[in-house]
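Q: Pasting a predicted model and its sequence here:
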Number of protein chains: 4
Amino acid sequence: MYSFKNDYSEGAHPNILKALMESNMEQSEGYGEDKYSLAAITLLKDKMKCDEVDIHMFCGGTQTNLTAISAFLRPHEAVISASTGHVLVHETGAIEATGHKVISMKVDDGKLKPIHIKMTLEEHTDEHMVKPKMVYISNPTEIGSIYKKQELKDLSECCRLNNLILYLDGARLGSALCSKGNDIEFSDLPRLTDAFYIGGTKNGALMGEALVICRESLKEDFRFHIKQKGGLLAKGRLIGIQFLELFKENIFFDLAKHANDMAQLLKMGISNCGYEFLIDSQTNQIFPILPNKIIEKLKEKYSFYIWQKIDEDNSAIRLVTSWATAEEAVKSFIDDITIFMNEFYVV
Amino acid sequence: MYSFKNDYSEGAHPNILKALMESNMEQSEGYGEDKYSLAAITLLKDKMKCDEVDIHMFCGGTQTNLTAISAFLRPHEAVISASTGHVLVHETGAIEATGHKVISMKVDDGKLKPIHIKMTLEEHTDEHMVKPKMVYISNPTEIGSIYKKQELKDLSECCRLNNLILYLDGARLGSALCSKGNDIEFSDLPRLTDAFYIGGTKNGALMGEALVICRESLKEDFRFHIKQKGGLLAKGRLIGIQFLELFKENIFFDLAKHANDMAQLLKMGISNCGYEFLIDSQTNQIFPILPNKIIEKLKEKYSFYIWQKIDEDNSAIRLVTSWATAEEAVKSFIDDITIFMNEFYVV
Amino acid sequence: MYSFKNDYSEGAHPNILKALMESNMEQSEGYGEDKYSLAAITLLKDKMKCDEVDIHMFCGGTQTNLTAISAFLRPHEAVISASTGHVLVHETGAIEATGHKVISMKVDDGKLKPIHIKMTLEEHTDEHMVKPKMVYISNPTEIGSIYKKQELKDLSECCRLNNLILYLDGARLGSALCSKGNDIEFSDLPRLTDAFYIGGTKNGALMGEALVICRESLKEDFRFHIKQKGGLLAKGRLIGIQFLELFKENIFFDLAKHANDMAQLLKMGISNCGYEFLIDSQTNQIFPILPNKIIEKLKEKYSFYIWQKIDEDNSAIRLVTSWATAEEAVKSFIDDITIFMNEFYVV
Amino acid sequence: MYSFKNDYSEGAHPNILKALMESNMEQSEGYGEDKYSLAAITLLKDKMKCDEVDIHMFCGGTQTNLTAISAFLRPHEAVISASTGHVLVHETGAIEATGHKVISMKVDDGKLKPIHIKMTLEEHTDEHMVKPKMVYISNPTEIGSIYKKQELKDLSECCRLNNLILYLDGARLGSALCSKGNDIEFSDLPRLTDAFYIGGTKNGALMGEALVICRESLKEDFRFHIKQKGGLLAKGRLIGIQFLELFKENIFFDLAKHANDMAQLLKMGISNCGYEFLIDSQTNQIFPILPNKIIEKLKEKYSFYIWQKIDEDNSAIRLVTSWATAEEAVKSFIDDITIFMNEFYVV
């Protein structure tokens, strides 16, 4: 049984484990103030060509989101999110648990645009409603699409004009930045967003996300919030070492590119069989629409999620590749789908 | 510079890294539903001779405390804590941030007793005050003392009589259970508490705490709370593997014993120089009272915290040992303190 | 300038002020434990033919909702609301501020039906999403429609089958129960809901809402929650006296009937001019669709809210009547609209 | 049975009820934007000789405190309070329920001094502890003592130097400002505090507190917070009218003076019998220490709270007078205590 369920099925890139071994018995400062974490922060600033940011390490994405959002907003302020947004749908009300409403905007392609922001602002006019204050986007989105640079620029300008905070969830940021259609540079992010995070967990780390705070006014006292929300890891070096390894030779981008390549290989194979896709994704999640009969057969050998019922006979499934996806597994999946298709339709 | 600042300066016990290496490229289920985490849970239940508990893994202690406490209490219910309690003092208001008051009871030895519970209950009589509902204790306490079995039994009975939840913070549980004066068995805990956690971070893991929920009514839907508070690790096996390694050959207890032994060695050496201690600790934190002059000299070669000013010339310091503390470092510390003492007083 | 903006423009029914005068210098217990509040509770139980409920008085609706909802739910539990629901839209995130997500279900007529509940439950399947636990409805809805008895029964049954709490916001309950199409009795509410509140503010009181808790398991310690959320009025008799006056001679229902009658009079007059309505309401809020030109003229003499743009030339407005609405004002409004219409179209 | 239990046993000063009657059928704007509320705000500004403040009306003190404190603080910031502080002890964790820790400082006379602030700041040094940000004081304190002008100045200066918010709970502000030892002017408060509230409930209103926000940076968006916390009264004029009546002819101060006079009369009478007091209060709460035997006798004719056990035979009781306390009741109490004393000791 090979899994295309997600991008966190395996452990970490071997370089990371090697670095953990080598540094294991060194004594270091706790709570992220060790030399590895500091070096990782310096390296990340260097890679994004921006020294004017604050960087904080977290264990996971939900924790990053809830800590950042609750630190950045006052109690009456709310988040605007696409209807597919992770904070809206898949974090068990983590943001609401810190007291903030997440306003849902219906979108088809997972992406918020200035028009959605304007609509929200027009509806929220007085103190009887929450005050929209943050725009939350994910790149890639939860359904695999990516923002083009001009789209991000437009959003960024819209936010600045309306005094909104633009926050980018980069759980799979590597995949977005390394995808075929992407024209956003890593170094664009500190200029175009107020805060964003770089996902390690889904791109080769054991765990770890690096939150980058770009807007000056959001930086103050941030470590208090990490501690209060339970996110300040005693052995902080554990995350520092990982980001150091991921970025010092740009493995981070190589791994993301591999994940994307595997997804595109899958996509091509499935497409060659004549199947369509729910959405045109160039990142590491794809959503082919397959006959239920074939899905049943595939499930005997592969694990993956059924994403959505299309009609009585067909469903969209989600296939996720990762830094660790074996090319043979992809090829075998394509072979199998071809065989199953022929079995059913040959007669 | 050798550090006696804390018990999380080094990485993990080598067995843990080895196990992470060996399992690294295996695919496993996410969010703690992998085979390692399940095996660790089974093993822990076996070690505590109790099958009727639920066990959940967390990255850190503050996260464990805030998730458990907010899941267990209704909004008007409060926690009773010793005035030294970690949740009261050193978690940046994490419990209050989930909406609950922590009531402080002044104690000298870090330990709550039934008398403190009764005093609190007598003071909180109506709906104009919070309703005390949970008793929070740490074993060992934040100042190194431990609960005797009879003390824990008395507290447990007092809690049951008054319909209070007894929660034990075991950040350094190994050290308590392996200390000289201890008469509590690991298997006593599920019977005597309603919930407790087993600290991995401070006893040889990279990170990881295992929360044990003993009282049936506290178990329902607990995973929702972990997710909501940002504590559900995608690669949950990372913690599962560590607890499996720590407990399968009882390394957990060996490491704790080593930490205690090193602390007692330090204590004896310092005591032999004629110095006193702020509190009589048999766990891995000791609090010698030293002349400031000697402290200054020691600080050139060792790092540790100044705990408390005693008078103009003397202060109590905190020395913490761990599973990784080298016996040579301890001996060298004792040699140095002896030399410094002689330097100052020989004339 | 006569106002049809809302149903809280005037003070209180004269009986209420009279009763306040008469009792003014009596000494009474604080915090709602006075004889008037107790008598009001007894009277309300009598009127709803149910002794097995707990009743608590509040100053306002948002306060009632947030206190009840946060007392009834555990942190991971969420509220299902129609997309027009007051708690969702017009309480400045009051529910989220207590930590709970409000799930929006798109409806056209303001009413939730079992199908919406089922859809929500089917989507919320695991701990990565909130757990739907309460169904929030308003009767009448925020757009003036009412639940029929069978609809309420169906919802009630659906909630019981799925272990959900059914909560009814009765800010304008009087108007619903006294409207032409209504077939729900006051005494049906304790049987069909788990909790509901009886709105006084919008039906002749200076202020005051009476929360009725029907389900046994929701009653415990409720006064702690009122106090904690700032809702326990020192001179609680102020609300008790008002409910006593409103219900002792059934003024509550008479006032609501008057408000409805005035609205229906308006409706008939506007309808006779040939205008349509956004929704067919039989309660005290109506939503006629008028030419913008006529709206402009009306605004010179009457105040009301523009509810929604219909097209370039027409908008829906909201007209609200109340216990205090003067019949002459209604007639004058109808006369004016007829005159304005003729002015514009006579040529 | 005459009650000296509190200062909210009766209704409102007759002028208030008269004003409510006269304005009853006028239509006015909702949510505190009516002409009465606006006039009351103008009048209050005039009385405190300061136009640069924002004023908001609330129904009760706990609601005022929780709304102001949660609006003013970021999540990691905490309140410093005397150990007797109302927010610390008697608001059912209302402040904690909004996420903020209240730090208790042990004081004997109910008053915080700069030394307490400095001690707190010295203890709270890093992100592992909350950040003290607000100093909460009550004037008069919960035990009847008052701040002298110099004391308030010193606190104010200490707060400004340390970038702390000074918040004054004025539930009984009238009594403080009209007490014999007072040297603070009403107009000193906007200069010396960052925010304070003027208590109406305990000084002749049906209900109502007026929050005055003095510091510019605390004013923004405040009405959102009132609404979110359930404090925005639909018929806001109800409170506006009351403050207008209380201040337009300075009744507010006359009523407070009466309450103080009654308390001092009681005090003198009790003192003449040879009894001592727990604290020397010149406001409307006094705490005589009486033999339990006499207390038992008094309880047959008067209601009041037992405050504290002194020894086996004596207890301190709390007697509260108000704007409505009848001089005859006071005299009768003194007569009775004299009689009871003689009964017991004559033999």
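A: Yes, it's here.

Q: Could I get the full set of helices for the stretch 201-347 of chain A?
A: A:222-228, A:237-248, A:251-272, A:292-299, A:327-345 (DSSP state H, counting those that start in this stretch).

Q: Quick check: which helices or strands does the third one pack against?
A: Helix A:251-272 sits against helix A:173-177, helix A:237-248, strand A:285-286, strand A:314-320, helix A:327-345, with contacts defined as 3 or more C-beta pairs under 8 Å, 6 or more residues apart in numbering or on different chains; DSSP states H and E. In this view, the C-beta of every residue, glycine as well, is placed from N, C-alpha and C.

Q: Same question for it: list its buried residues.
A: Buried residues in helix A:251-272, defined by neighbour count with 16 or more other C-beta atoms under 10 Å in any protein chain shown: A:251-267, A:269-270.

Q: what's the answer for stretch A:202-218, then?
A: A:202-215, A:218.

Q: can you tell me if that stretch touches chain B.
A: Yes. Residues of stretch A:202-218 contacting chain B under C-beta under 8 Å from any C-beta of the partner chain: A:202, A:206, A:207.

Q: Enumerate the residues of the stretch 51-200 of chain A near chain C.
A: Going by C-beta under 8 Å from any C-beta, the residues of the stretch 51-200 of chain A near chain C are A:75-76, A:78, A:89-93, A:96-102, A:104, A:127-130.

Q: let's see 7 Å
A: A:75-76, A:78, A:89-90, A:92-93, A:96-97, A:99-101, A:104, A:127-130 (C-beta under 7 Å from any C-beta of the partner chain).

Q: which among these are in contact with chain B?
A: Contacts with chain B within those, as defined by C-beta under 7 Å from any C-beta: A:92, A:93, A:97.

Q: Let me know the closest of these to chain D.
A: Using C-beta to the nearest C-beta, residue A:97 comes nearest to chain D of these, at 10.7 Å.

Q: Please work out how many residues are found near that closest one.
A: 26 (other C-beta atoms under 10 Å in any protein chain shown).

Q: right, and residue A:86 touches residue A:136 too?
A: No. Using C-beta atoms under 7 Å as the test, residue A:86 is too far from residue A:136 to be in contact (8.5 Å).

Q: hey, what's in contact with both of the two?
A: residue A:169 (C-beta atoms under 7 Å, 6 or more residues apart in numbering or on different chains).

Q: circling back to that earlier point, right, and the pair among the buried residues of stretch A:202-218 with maximum separation?
A: Spanning the widest gap among the buried residues of stretch A:202-218 are A:206 and A:215, at 30.0 Å by C-beta to C-beta.

Q: Excluding sequence neighbours, find me the nearest residue to the residue in the stretch 201-347 of chain A positioned nearest to chain B.
A: Nearest to chain B, among the residues of the stretch 201-347 of chain A, is residue A:230, at 3.1 Å (C-beta to the nearest C-beta). Distances taken as C-beta to C-beta, 6 or more residues apart in numbering or on different chains place residue B:63 nearest to residue A:230, at 3.1 Å, with adjacent residues excluded.

Q: any idea how far that neighbour lies from chain C?
A: Distance of residue B:63 to chain C, given as C-beta to the nearest C-beta, to the nearest Å: 15 Å.

Q: Could you look up the SS state of that residue?
A: helix (DSSP: H, G, I helix; E, B strand; the rest coil).

Q: which ones are touching it?
A: By C-beta under 7 Å, 6+ apart, the contact set of residue B:63 is A:230, B:229, B:231.

Q: Secondary structure class of the closest residue in space to residue A:141 that isn't next to it in sequence, three-state.
A: Excluding the flanking residues, the one nearest residue A:141 by C-beta to C-beta, 6+ apart is residue A:110, at 3.0 Å. Three-state assignment for residue A:110 (three-state DSSP): coil.

Q: so residue A:110 makes contact with residue A:146?
A: No. Counting by C-beta under 7 Å, residue A:110 does not reach residue A:146; the two are 9.3 Å apart.

Q: Neighbour count for these two, which is higher?
A: Each of residue A:110 and residue A:146 has its neighbours counted (other C-beta under 10 Å); residue A:146 has more, 26 against 22.

Q: Looks to me like the more buried one is in a helix.
A: No. Counting by three-state DSSP, residue A:146 is not part of a helix but coil.

Q: Spell out the secondary structure type for residue A:137.
A: strand.

Q: I'd like to know the beta-bridge partner residues of it.
A: Counting by DSSP bridges, residue A:137 forms beta bridges with residue A:168.

Q: residues touching it, list them.
A: A:112, A:147, A:155, A:168, A:169.

Q: One more pass at 10 Å, please.
A: Neighbour list for residue A:137: A:80-82, A:85, A:110-113, A:147, A:151-152, A:155, A:166-170, A:193, A:196 [criterion: C-beta atoms under 10 Å, 6 or more residues apart in numbering or on different chains].

Q: cool, and residue A:266?
A: Under the criterion of C-beta under 10 Å, 6+ apart, the contact list for residue A:266 reads A:4, A:284, A:286, A:288, A:319-321, A:325, A:329-331, A:333-334, A:337.

Q: do residue A:162 as well
A: A:114, A:117, A:118, A:120, A:121, A:132, A:133, A:135.

Q: ok, now how distant is the last one from chain C?
A: Read that as residue A:135. Taking C-beta to the nearest C-beta, one finds residue A:135 at 17 Å from chain C.

Q: what's the answer for the fifth one, then?
A: Between residue A:121 and chain C the distance, using C-beta to the nearest C-beta, works out to 15 Å.

Q: Touching, that residue and residue A:164? I think so.
A: Yes. Residue A:121 lies in contact with residue A:164 (C-beta atoms under 10 Å); the separation is 8.4 Å.

Q: Mutual contacts of these two, please.
A: A:80, A:132, A:158.

Q: ok, back up a step: return the member of the residues of stretch A:202-218 next to chain B nearest to chain D.
A: The closest of those, once distances to chain D are taken by C-beta to the nearest C-beta, is residue A:207, at 21.5 Å.

Q: Contact partners for residue A:285?
A: Taking C-beta under 10 Å, 6+ apart, we find residue A:285 in contact with A:4, A:6-7, A:140-145, A:172, A:175, A:259-260, A:263, A:279, A:307, A:318-321.

Q: what's the residue closest to the geometric middle of chain A?
A: By C-alpha atoms, centre = their mean, chain A has its centre lying nearest to residue A:171, at 2.3 Å.

Q: which one is that residue nearest to, not counting chain neighbours?
A: residue A:199 (4.1 Å).

Q: count of neighbours near the one you found?
A: Neighbours around residue A:199, by other C-beta under 10 Å: 26.

Q: With residue A:108 instead?
A: 11.

Q: That one touches residue A:280, doesn't it?
A: No. Between residue A:108 and residue A:280 there is no contact under C-beta under 10 Å: 11.9 Å.

Q: which residues do those two both contact?
A: Common neighbours of residue A:108 and residue A:280 are listed as residue A:145 (criterion: C-beta under 10 Å, 6+ apart).

Q: need the helices of the stretch 201-347 of chain A in JSON lines with distance to residue A:18 and mean pLDDT, can you?
A: Formatted as JSON lines, the helices of the stretch 201-347 of chain A follow (distance: least, C-beta to C-beta, whole Å; pLDDT from 0 to 100):
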{"stretch": "helix A:222-228", "distance to residue A:18": "28", "mean pLDDT": "98"}
{"stretch": "helix A:237-248", "distance to residue A:18": "8", "mean pLDDT": "98"}
{"stretch": "helix A:251-272", "distance to residue A:18": "12", "mean pLDDT": "98"}
{"stretch": "helix A:292-299", "distance to residue A:18": "36", "mean pLDDT": "96"}
{"stretch": "helix A:327-345", "distance to residue A:18": "23", "mean pLDDT": "93"}
